[in-house]
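*Asks:* have a look; sequence and predicted model below, questions after that.
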Amino acid sequence: MRITLSIAIIATAIFKLVCSFSFQFTSYTSHSKSSARSVSIDINCHHKENDGGDWDDNELRQEAAVTLLPVFFPEHTDENNLTPIKPVTAEVALKRLLRKKYSQRQQNHQSNNATTTGGNKSMEKSRGRLAELILGTSVMRLRHFVVAAADAAQGNYATFPLPYPLNYTELSPHFGEKQIICEFTSCSVEEEMRMCDLMVAEHAKYIVSKDSTQQLQSIQSTLMSRSNDPAILLAIEHSIPLFLASSLLSQYGSVTAKQICSLMNEPGPITIRKNAIKFNGTDGELCDWLWENDGVQAFPMKDILKPQNIDMYDFDEMKQYKGNGRVMGQLLSSPAGCICINPPTDGRGRKKLPKSIWSMSSYQKGLFEVQDAGSQCIVRALDLVPPSTSGSMDVLDYCAGNGGKTFAIASAIFNLKMEAETDESKCNIAVANVVSHDVVDERLRQIKGSLSRVGFDLDKSTGIAECKQDNLRCTLKTVSPIELKEFSASDNYMFDVVLVDAPCSSSGVLRRRPSQRWLMSKEETLQYLPDLQLDIIQKAASFVKNNGTLVYATCSLLEEENEEVIRSFEKSQVYINGGFVPWPFSAEGDGFSRPHEITLLPSEWNDGFFFARYRKALII
């Protein structure tokens, strides 16, 4: 099994979302004008653009290094440099830079009374290069830092400040007696800037390298002679936190852990979900529509999945760690409406859409939503049934986020009803009610902002959105925790289906979120989040009707957030007194020790997820 990273692929993965999609620039608060770092940035940001609109790559590298300064070395709020402020993510830093460059470009053209069309192509290229350097260096910060420091250890060396949030205690012993690394709090801005320059230069070499084996051997000879811990090399090779590398090794084994880490740095597929509310044709017909109207090639996922690729993981090794648990190396079958977009390859070997996916007419018309196939499987795990004309079907999306699962649920309901239509059923109206709950008001506002495009009409006086087609009426309501409590208490309102897509470390979707791996902390991931997740599923369980169903899901691969949480739930009084029982994914259980659980590992076609489901006993 090949575990060496493909450099060209990594470069694509890191900034695919940035280069393929349009940037939405947001406002930000700048550093104090008296800050030494602000002065440094102002000085280093000056550059010259030639008359043809071309950008010198050395200047772009310098801009990238300056942009990464507050990412790697956040400022402190007190004179003793003891309390770091919330660090800036690479995505935010990049957006700030591009917003500033765009504004400067507009001002230059206005002052010269010229149009902006001449340099658009060059601007697009420079934007892509900056995204490649900034996001790429940020993601690979551990690897690039160690390579730069290891090179210094071979000859004349200086003291290098350790980029945030790399751990000095974890790394310093591996450099032996040569103390070439130090906490950045004791270093000058000049030393920090030099480190940024070195790391960007390292990434520029890294993305054009054909083989990184020699580099890894150099790291190993420099560092690993002083350590027998395989986690440190895994962490450095794939640039992930050491605690995450240790957890994956202990929970999945060496071969599987390396494969998972490799996929974290490779591009994920661009997957969409057909919106059955707006498009009632087949998946193939939507693919034809995409090609004819947006010039985008796409294929139904069911036509792509290859059973022979299921053995991409070493399941013999995995059984030693997971026992007889249900672990899937990729999707066995495609969710209904799941479609994979196949972007063309540009001159640099990168797969890139001809236009932003958000600007496609099919997206703006609401014909599809962008959603990973694994995420779509969570909705499939709800095992929704067509709503009956004799009563309503009530569904609660307890951790709705921005509404991806909420809208997938609504689409699935319409798709099921259309499939189940009979001459008799067409004479009656079936009702489905979907409630989206979240603790963050901004997320609920985003759901409301998408209602019209997806196919719902919002009654602002009641806050209830509605979509009616033929013999099916579906309502959608967003509620805060207080509103949900009041809403449920008023009529003792309970739900047939409750989905808990719990907040988590996102360890199964790191290739989608460049900065997430360095926002994770050991304490939060292994202690705080599991406690929060258990609290959430217990609260959500109280809203399940008798004979109703409860599904728990995360986009994490870690047992602490998955198996351990639901085992604690199964021992709780909420579970026991509520009459919950495991709900297997097949009637026979397929011989698995816990047939109501699934761990879906990341693959070429999906990200990594975990889900478990339960049914509440019918009390007569």
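*Replies:* Arrived safely, thanks for sending.

*Asks:* where along the stretch 251-400 of the chain do the helices fall?
*Replies:* For the stretch 251-400 of the chain, applying DSSP state H, counting those that start in this stretch gives helices covering 254-264, 283-294, 315-322, 361-364, 373-381.

*Asks:* immediately after the longest strand along the chain, which helix or strand?
*Replies:* Ranked by number of residues, the top strand in the chain under DSSP state E is strand 544-554. Next along the chain after strand 544-554, taking DSSP states H and E as the criterion, comes helix 563-571.

*Asks:* check the offset of that next one from the chain's centre.
*Replies:* Centroid displacement of helix 563-571 relative to its chain, using CA atoms, centre = their mean, to the nearest Å, is 25 Å.

*Asks:* any chance of the helices of the stretch 251-400 of the chain in JSON lines, plus mean neighbour count?
*Replies:* Using the backbone N, CA and C atoms, a C-beta is placed for each residue, glycine as well. Conversion of those to JSON lines gives the following (neighbours: other CB atoms under 10 Å):
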{"stretch": "helix 254-264", "mean neighbour count": "22"}
{"stretch": "helix 283-294", "mean neighbour count": "17"}
{"stretch": "helix 315-322", "mean neighbour count": "14"}
{"stretch": "helix 361-364", "mean neighbour count": "16"}
{"stretch": "helix 373-381", "mean neighbour count": "25"}
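
*Asks:* so can I have CSV of those helices showing distance to Ala587?
*Replies:* Shown next, in CSV, are these (distance: least, CB to CB, whole Å):
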stretch, distance to Ala587
helix 254-264, 29
helix 283-294, 27
helix 315-322, 23
helix 361-364, 38
helix 373-381, 15
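
*Asks:* which of the ones you listed has the lowest average pLDDT?
*Replies:* Set side by side, the helices of the stretch 251-400 of the chain give their lowest mean pLDDT on helix 315-322, at a mean of 83.

*Asks:* got the CA positions of it in CSV?
*Replies:* Written as CSV, here are the backbone C-alpha positions of helix 315-322 (Å, rounded to 0.1, in the frame of the first residue of the first chain):
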residue,chain,number,x,y,z
PHE,A,315,-9.2,-5.1,7.5
ASP,A,316,-7.3,-8.0,9.0
GLU,A,317,-5.2,-5.5,10.9
MET,A,318,-8.3,-3.5,11.7
LYS,A,319,-10.0,-6.5,13.3
GLN,A,320,-7.2,-6.6,15.8
TYR,A,321,-8.1,-3.1,16.9
LYS,A,322,-11.9,-2.8,16.2
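
*Asks:* circling back to that earlier point, looking at the helices of the stretch 251-400 of the chain, which is nearest to Thr159?
*Replies:* Thr159 lies closest, by CB to CB, to one member of the helices of the stretch 251-400 of the chain: helix 254-264, at 29.8 Å.

*Asks:* and the contacts of that closest one?
*Replies:* 1, 3, 5, 230, 234, 237-238, 240, 245, 248-249, 252, 312-314, 317-318, 321, 510-511, 517, 557, 601-603, 608 (CB atoms under 8 Å, 6 or more residues apart in numbering).

*Asks:* burial count for Glu91?
*Replies:* Glu91: 20 surrounding residues under other CB atoms under 10 Å.

*Asks:* and the pLDDT for it?
*Replies:* 94.

*Asks:* about what we covered before: from the contacts of helix 254-264, list the buried ones, please.
*Replies:* 5, 234, 237-238, 240, 245, 248-249, 252, 312-314, 318, 321, 510-511, 517, 557, 601-603, 608 (16 or more other CB atoms under 10 Å).

*Asks:* for the protein, name the helix or strand with the lowest mean pLDDT.
*Replies:* Within the chain, confidence by mean pLDDT, DSSP states H and E is lowest for helix 36-44 among all helices and strands, at a mean of 29.

*Asks:* was I right about Arg511 contacting His238?
*Replies:* No: using CB atoms under 8 Å, Arg511 makes no contact with His238, being 11.1 Å away.

*Asks:* can you pull out the strands in the stretch 251-400 of the chain?
*Replies:* 270-274, 298-300, 327-328, 338-341, 368-370, 393-397 (DSSP state E, counting those that start in this stretch).

*Asks:* can you tell me which of these has the worst average pLDDT?
*Replies:* Going by mean pLDDT, the lowest-scoring of the strands of the stretch 251-400 of the chain is strand 327-328, which has a mean of 85.

*Asks:* neighbouring strands for that strand, and are they parallel or not?
*Replies:* Partner strands for strand 327-328, per DSSP bridges, with pairing direction: strand 597-600 (parallel).

*Asks:* number of residues surrounding Asp151?
*Replies:* 16.

*Asks:* picking up where we left off before, which among the strands of the stretch 251-400 of the chain is found nearest to Thr169?
*Replies:* strand 327-328 (33.5 Å).

*Asks:* so how far is that closest one from its chain's centroid?
*Replies:* That offset, for strand 327-328, works out to 20 Å (CA atoms, centre = their mean).
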